[in-house]
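In: Pasting the sequence and the predicted coordinates here, then a few questions.
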Amino acid sequence: MPEYRITAVGTSRPESARAAARQFGAAHAFTDAGQLTGHPEVDLVVITVKVPAHAELVGAALAAGKHVYCEWPPARTSAEAEALATSARAAGVHHALGLQARYAPALAHARELVAEGRIGRVTSATVHAARGKAPGGAVPAWAAYTLDRDNGAGTLEVAGGHTLDALQYVLGDIGELSATLSVQRPVHTIAGTGGTVEATSPDHLLLNATLTSGAVVSAHVHDGKVTDARTRLEISGTEGDLVVVSTGANGPAGIQIGELRLLGTGVPGAGAYAELPIPGRYLWASGMDSAAEGFQVAQLYVRLARDLRTGARTVPDFEAGLRLHRLLDAIRLSAETGTRRSVA
């Protein structure tokens, strides 16, 4: 991307750091986060490691006064996320969060159509988000840590967080909810080793919610779908309907990865869906295939570059991340207590 240049990379081992620097043309390779964040040629620090390490590395970047981009989720808990948001405000830097589903052209166009009242008053939304099962059903060794709920990187946090953020981006905030969390596959096999690991992180989320607008929401987010893994968001209005649906090879990975299509009813009440064209104004990552796995991430980076140039703050930040963390807290509390909860 012409807006950026990779000047330094950091990993946990010197050998991999040097290899990454060679592969990506970076001048500097580090194993110490403080050295990387403190380097004068580094302007923006990008955190793309396992979730339990996010808070420490983001903290190092903020302490060095550097702009920071962190993949979602920014932390394991709301308490960690709140501390990061507080530190980011004090540092006065740009802080961006990888909630890139917002930058899918189909989702952005759906948001605009809803805001314009093209389908009338939104009455309900139905979400089905199923991630696919790995070949042979085994879990890659690198992903085994996501099965431990204490690591904050499971189905609820990743698939649930991205999906519910996309829903709220289009339709507005969830006001109250009832939720069920379930572990349907308590034991997983580790690919390549044959070993097993117990899962304590839920792999199913069932949600019954009401938006602050009064519209009702039903959502099912789950992992391990053997066939037809996909995401589908149906939006019903008093004068029409919209559907956002994943497509292509990356569809089973979640709403935040791969291309999305937008369907709508051509005539209010006709009941027949037709694919809606996406205006070119939503395509910012020029020269990149919109079906590519990283397209939505590239779109976010384009907007972040504009923010850095102009001083605007348009991309999702740590404050947005904290609000999403609190939504997940309400889901957990509802599931634990069997009660309907308001979202703080």
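Out: Here it is on my side, so go on. Residues are numbered from 1 along each chain as shown.
In: Would you mind listing the buried residues in the lengthiest helix in the chain?
Out: Longest among the helix segments of the chain by residue count, using DSSP state H, is helix 318-337. Using 16 or more other CB atoms under 10 Å as the test for burial, helix 318-337 gives 318-325, 327-331, 334-335. Just so you know, the C-beta spots here come from the backbone N, C-alpha and C atoms, and that holds for glycine as well.
In: What about A85, how many residues nearby?
Out: A85 has 21 neighbours, counted by other CB atoms under 10 Å.
In: A20 versus that one, what's the distance?
Out: 29 Å (CB to CB, to the nearest Å).
In: Just the endpoints, please. Distance across stretch 107-125?
Out: This stretch, stretch 107-125, spans 14 Å end to end (CA to CA, to the nearest Å).
In: now do stretch 145-163
Out: Start-to-end, stretch 145-163 (CA to CA) is 21 Å.
In: Name the nearest residue to G192, sequence neighbours excluded.
Out: Excluding the flanking residues, the one nearest G192 by CB to CB, 6 or more residues apart in numbering is A141, at 6.4 Å.
In: Contact partners for the one you found?
Out: I190, A191, G192, T193 (CB atoms under 8 Å, 6 or more residues apart in numbering).
In: ChimeraX command for the buried members of the residues you listed?
Out: Buried residues among the contacts of A141 (16+ other CB under 10 Å), as a ChimeraX selection:
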select :191
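In: Can you tell me which of the contacts of A141 is nearest Y4?
Out: Nearest to Y4 among the contacts of A141, counting by CB to CB, is A191 at 33.3 Å.
In: Leaving out the residues flanking it, which one is nearest to that closest one?
Out: The shortest distance from A191 to any non-neighbouring residue, by CB to CB, 6+ apart, is to A138 (3.8 Å).
In: Now do the same contact list for the one you found.
Out: Here A138 is in contact with H188, T189, I190, A191, G192 (CB under 8 Å, 6+ apart).
In: Now the two most distant members of those residues.
Out: Maximum pairwise distance among the contacts of A138 (CB to CB): 13.0 Å, between H188 and G192.
In: Burial check on the nearest residue to E3 once chain neighbours are set aside, number of neighbours?
Out: Closest residue in space to E3, ignoring its immediate chain neighbours: A305 at 3.7 Å, by CB to CB, 6+ apart. Per other CB under 10 Å, the neighbour tally for A305 reads 17.
In: so A305 sits right up against Y4, yeah?
Out: Yes: contact criterion CB atoms under 8 Å: A305 and Y4 qualify, at 6.8 Å.
In: can you pull out the strands in the stretch 51-200 of the chain?
Out: For the stretch 51-200 of the chain, the strands defined by DSSP state E, counting those that start in this stretch occupy 67-71, 95-98, 122-132, 174-182, 187-189, 196-198.
In: now, of those, which is deepest in the fold?
Out: Counting by mean count of other CB atoms under 10 Å, strand 95-98 has the highest mean neighbour count of the strands of the stretch 51-200 of the chain, with a mean of 25.
In: For T227, give me the pLDDT.
Out: If you check T227, the pLDDT there is 87.
In: Quick check: which element contains it?
Out: Per DSSP states H and E: T227 is located in neither a helix nor a strand.
In: Tell me where the chain is predicted with low confidence.
Out: For the chain, the stretches with pLDDT under 70 are 134-136, 266-271.
In: Closest to the centroid, which residue in it?
Out: The residue lying closest to the centre of the chain (CA atoms, centre = their mean) is H162, at 3.4 Å.
In: May I have the phi/psi pair for R118?
Out: Dihedral angles of R118 (phi, psi; degrees, to the nearest 10) stand at phi -70, psi -20.
In: quick check, nearest of the contacts of A138 to A60?
Out: Nearest to A60 among the contacts of A138 is I190, at 31.0 Å by CB to CB.
In: Verify the stated contact: the closest one with T196.
Out: Yes: counting by CB under 8 Å, T196 is a contact partner of I190 at 6.9 Å.
In: Shouldn't S218 be within a helix?
Out: No: applying DSSP: H, G, I helix; E, B strand; the rest coil, one finds S218 to be strand, outside a helix.
In: Against A125, how distant is it?
Out: The gap separating S218 from A125 is 8 Å, by CB to CB.
In: next one: P140
Out: Look at P140 and A125: by CB to CB, they are 32 Å apart.
In: can you pull out the helices in the stretch 1-150 of the chain?
Out: With helices called from DSSP state H, counting those that start in this stretch, the stretch 1-150 of the chain shows them at 14-24, 33-38, 54-63, 78-91, 105-115.
In: Fine by me, thanks again.
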